[in-house]
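[1] sequence first, then the predicted structure:
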Amino acid sequence: MTDHGDFEGRLALQQRVLPSYRVAFFDLLASRCAEGLSLYAGKPRNGEAIQTAKSLNEAELWPARNLHLLGGPLYLCLQRDIMEWIQSWDPHALIIEANPRYLSSGRAIDWMRAKGRPVIGWGLGLGRVVARWKSYLSRFDALIAYSTQGAEGYRSAGFPAERVFTAPNAMTGSPPELHARKISSPPQVLFVGRLQERKRVDLLLKACRAQRVEPRLWIVGDGPARRRLERMAAREYPRAEFTGAQHGEELEGIFRQSDLFVLPGTGGLAVQQAMAHSLPVIVAEADGSQRDLVGADNGWLVPPGDLDALTGALRSALENPDRLPQMGAASRRIVAERVNIEVMADAFLDAINRAMHR
């Protein structure tokens, strides 16, 4: 281990797919591996609307041959050339997604075990079938969770507490210096994400319609639910503007012009991105990572699917606009100090190096 906690060997990292938003993190992690990082990832299922990356700047990308089996709660994934990849790269440590639905991972784990090398799992936390998860998790030398709630789930399942690490889920680095933000009149509300049922943009449209102070609403993203949501907005909230998917400087400009970020459904790393742009946030609780991001000083956590709670939180924000800049500044501090890809990489390297020394 170096003075900076870097990894002196070759690291292998398995993913089902490589979303574009993960490129910055994987490149940062690769830059801190003395003998490099090889990332193994394939293509998503048709209709998933995941924007994937085709290359990395600092790491090697090995395209996996994903075979998607079944669907819904029965979904399984077979990555058919995983052994060719891992034998070719011959890593000193392996990180894989801690998900028993990925049928090929066991072969890679067995190969590393035969070499006496550590395997680290990375995931959200426990699934519903806890007994099955306990047996599965026992194969790892360490576990990295997206959130403190996920880490606690691993410990509650009996995995040794000292071998559980938390790497707060992030897609951006430490944010730039805070600039004074002037709130629009009426405020500009922003949603960013894939337009699918579980994001519950329909609830956001209804919550905006119920306000005395009707905000302008930007809905940024694309997906299978877009046409239905556009028809709904035309009836119920014509002030909503659908921009389609935006990236790079176009998306940066939208964040800079917004006053409040709302994620009414599950998932979404855009919350951390919004906070890095000094925005207060309203977020539905989902996988537990939201609790590490949102508190009373920078936003509102609401139960998923609860229209009344979402409407109330939005009303509190819109009717007290003078509070929003201070809440946005608190968001930025949280990202700068606790939730960014630099902190995330430190947690990964800590887990790797401790596993290597066991």
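    Noted; the coordinates are in hand. Residues are numbered from 1 along each chain as shown.
[2] distance of Pro118 from Phe7?
    Here Pro118 is placed at a distance of 11 Å from Phe7 (CB to CB, to the nearest Å). Bear in mind the C-beta positions are built from the backbone N, C-alpha and C, glycine included.
[3] swap that for Arg332, sorry
    Remark: distance between Arg332 and Phe7 (CB to CB) = 30 Å.
[4] with Ala41 instead?
    In terms of CB to CB, Ala41 sits 20 Å off from Phe7.
[5] try Leu195
    Taking CB to CB, one finds Leu195 at 39 Å from Phe7.
[6] and if you look at Pro187?
    Pro187 is 45 Å from Phe7, by CB to CB.
[7] next one: Ser135
    29 Å.
[8] if we can go back for a sec, would you mind listing the residues touching both of Pro118 and Phe7?
    93, 352, 356 (CB atoms under 8 Å, 6 or more residues apart in numbering).
[9] pick the one among the residues you listed closest to Ala142.
    Ile352 (8.0 Å; CB to CB).
[10] packing partners for the helix or strand hosting that closest one?
    Secondary structure assigned from DSSP states H and E places Ile352 in helix 341-357. Judged by 3 or more CB pairs under 8 Å, 6 or more residues apart in numbering; DSSP states H and E, helix 341-357 is in contact with helix 23-31, strand 93-97, strand 119-123, strand 142-145, strand 164-166.
[11] list the contacts of Arg45.
    His68.
[12] state the pLDDT value of it.
    You'll see Arg45 listed with a pLDDT of 91.
[13] also Arg128?
    So Arg128 comes in at 55 (pLDDT).
[14] same thing with Val17?
    So Val17 comes in at 96 (pLDDT).
[15] output the lowest mean pLDDT helix or strand found in this structure.
    helix 130-137 (a mean of 74; mean pLDDT, DSSP states H and E).
[16] what residue spans form the domains of this structure?
    Using automatic domain parsing, the domain parsing of the chain gives 11-172+340-357, 188-337.
[17] so for Arg181, which of the ones you listed sits nearest?
    domain 188-337 (5.2 Å).
[18] now the helices for the stretch 251-358 of the chain?
    Counting by DSSP state H, counting those that start in this stretch, one finds helices in the stretch 251-358 of the chain at the ranges 270-276, 307-318, 324-337, 341-357.
[19] if we can go back for a sec, list the buried residues for the helix holding Ile352?
    Across helix 341-357, burial judged by 16 or more other CB atoms under 10 Å covers 341, 343-346, 348-356.
[20] out of the helices of the stretch 251-358 of the chain, flag the one nearest Met83.
    When the helices of the stretch 251-358 of the chain are compared (using CB to CB), the closest one is helix 341-357, at 21.5 Å.
[21] could you give the average pLDDT over that closest one?
    95.
[22] could you do stretch 199-212 as well?
    Stretch 199-212 comes out at a mean pLDDT of 95.
[23] which residues touch that stretch?
    189, 191, 193, 195, 214-215, 217, 219, 225, 229, 232-233, 236-237, 239-240, 262-268, 284, 304-305, 307, 310-311, 314-315, 318-319.
[24] the more surrounded of Ser135 and Phe7?
    Between Ser135 and Phe7, counted using other CB atoms under 10 Å, the more crowded position is Phe7 (22 against 9).
[25] is the more buried one in a bridge, and if so with what?
    On the basis of DSSP bridges, Phe7 is bridged to Cys33.
[26] distance-wise, check it relative to Ile95.
    11 Å.
[27] joint contacts of the two?
    With CB under 8 Å, 6+ apart as the test, Phe7 and Ile95 both reach Ile352.
[28] secondary structure class of the residue sitting furthest away from the middle of the chain, three-state.
    Taking CA atoms, centre = their mean as the measure, the residue most remote from the mean C-alpha position of the chain is Arg212, 33.4 Å away. Classification of Arg212 by DSSP: H, G, I helix; E, B strand; the rest coil places it in coil.
[29] sorry, back to before: from the contacts of stretch 199-212, which land in strands?
    189, 191, 217, 219, 240, 262-263, 284 (DSSP state E).
[30] so which of those residues is the closest to Leu67?
    Distance ranking of those against Leu67, using CB to CB, places Leu263 first at 32.2 Å.
[31] hmm, the closest one is touching Gln273, no?
    No - judged on CB atoms under 8 Å, Leu263 makes no contact with Gln273 at a distance of 10.9 Å.
[32] before we move on, back to that, let's have the helices and strands packed on helix 341-357 in CSV, adding mean neighbour count and mean pLDDT.
    Shown next, in CSV, are these (neighbours: other CB atoms under 10 Å; pLDDT from 0 to 100):
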stretch, mean neighbour count, mean pLDDT
helix 23-31, 19, 96
strand 93-97, 24, 97
strand 119-123, 23, 96
strand 142-145, 26, 96
strand 164-166, 22, 96
